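[1] Predicted model, plus sequence, below.
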Amino acid sequence: MFNLVIDTKAEKFLKKLPQKSRRIIVEKILDLKEDPFPGGNKEKLEYPHPPAVYRLHIGRSFTVFYIIELDENIVKIEKILTIERAHKKYSCR
């Protein structure tokens with residue numbers, strides 16, 4: 001089992017959401033404690049430099065970007081964005 005660490009900006013974004021959206025995102029983030037590796041709605045992004053960044057799609061509304069630190073058994077939640085914003089910012093297709 002992994003420990004979760006959430007970036008301050010990601011936490012602030014989460015707190016501004018309606019309760020239902022926040023609950024759904026938190027449930028999905030908590031699932032990362034058991035298995036943060038690619039599969040299903042989780043994907044490793046292709047970046048040329050470490051650390052590897054992973055993306056978790058939550059429904060058709062949100063995307064969570066995170067890093068896995070195996071040596072410390074930690075999953076760091078770096079960003080939570082709306083799908084639209086994630087597509088614009090990271091040119092996802």
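    Ah, there it is.
[2] Is the most centrally placed residue in the chain in a helix, a strand, or coil?
    Nearest residue to the geometric centre of the chain (C-alpha atoms, centre = their mean): residue 64, 2.5 Å. At residue 64 the chain is in strand, as set by DSSP: H, G, I helix; E, B strand; the rest coil.
[3] now do residue 36
    coil.
[4] Would you mind confirming that it makes contact with residue 64?
    No - between residue 36 and residue 64 there is no contact under C-beta atoms under 8 Å: 10.6 Å. The C-beta positions use only the backbone N, C-alpha and C, and glycine is treated the same way.
[5] tally of neighbours for residue 81?
    18 (other C-beta atoms under 10 Å).
[6] who touches it in this structure?
    13, 62, 63, 65, 89 (C-beta atoms under 8 Å, 6 or more residues apart in numbering).
[7] Give me the distance between it and residue 70.
    25 Å (C-beta to C-beta, to the nearest Å).
[8] Give me the contact list for the strand or helix carrying residue 23.
    Assigned by DSSP states H and E, residue 23 falls within helix 19-31. For helix 19-31, contacts defined as C-beta under 8 Å, 6+ apart pick out 4, 6, 14-15, 17, 56, 58-59, 61-62, 64, 77, 80.
[9] Now which of those residues would you call buried?
    6, 14, 17, 56, 58, 62, 64, 77, 80 (16 or more other C-beta atoms under 10 Å).
[10] Name all residues that make contact with the closest residue in space to residue 68 that isn't next to it in sequence.
    Spatial nearest neighbour of residue 68, chain neighbours left out: residue 36 (5.1 Å); criterion: C-beta to C-beta, 6 or more residues apart in numbering. If you count contacts by C-beta under 8 Å, 6+ apart, residue 36 has them with 2, 42, 54, 66, 68, 75.
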